[in-house]
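Colleague: What would the 3D arrangement of this be:
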Amino acid sequence: MDQVKVAISRVPGTEDLDLPGYETADSAGMDLRAAVTEVVEVAPGERSLVPTGICIALPSGTEAQVRPRSGLAVRHGISMVNSPGTIDADYRGEIKVILINHGQEPFRIERGDRIAQLVIAPVLQAEWDVVADLEDTERGAGGFGHTGV
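Modeller: This is a model prediction of the structure:
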């Protein structure tokens with residue numbers, strides 16, 4: 001599997017938290033942990049901006065995607081408002097996660113809880129080529145649900 005070296009720094013006071021890491025050899029995402037100083041309770045229908053205590057310096061030509069954790073989604077209805085969130089290669093601030101509670105019960109976030117996943121991915125930038133007509137395809141302009149259930 002290809003690897004890229006990424007510089008990481010901790011926000012002061014978060015040295016006790018594990019750095020993001022892969023849980024298995026073939027994991028695509030690393031778990032991000034909550035760097036909260038006290039328990040945060042997210043009521044049903046509410047959202048919360050949760051710090052992770054880390055800042056990263058991605059190489060040019062890459063991005064980091066912040067994605068929800070499937071276990072939190074299925075067990076508690078916890079997801080992210082802006083999913084996936086994008087961390088650009090030139091961003092140097094603390095990574096924070098906007099969690100939302102779609103569940104029926106309040107959800108408690110404690111220091112060190114795994115709250116999201118971070119996936120490092122290559123990026124292509126587009127250069128627009130303005131044309132009068134686009135090349136035709138079998139699908140054409142068929143939109144949502146046009147191929148059936």
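Colleague: Contacts made by the lengthiest strand in the chain with the rest, please.
Modeller: Longest strand in the chain, counting residues (DSSP state E): strand 47-57. The contact list for strand 47-57 (Cβ atoms under 8 Å, 6 or more residues apart in numbering) reads 6-11, 13-14, 17, 19-20, 32-36, 40, 42, 64, 81, 87, 92-101, 109, 115-116. All C-beta spots, glycine's among them, are computed from the backbone N, C-alpha and C.
Colleague: in this protein, which residue is closest to the centre?
Modeller: residue 66 (0.9 Å; Cα atoms, centre = their mean).
Colleague: ok, and residue 32, which helix or strand is that part of?
Modeller: According to DSSP states H and E, residue 32 maps onto strand 30-33.
Colleague: Over to residue 140?
Modeller: Counting by DSSP H and E, residue 140 is found in no helix or strand.
Colleague: roughly how far apart are it and residue 146?
Modeller: For residue 140, the distance to residue 146 equals 9 Å [Cβ to Cβ, to the nearest Å].
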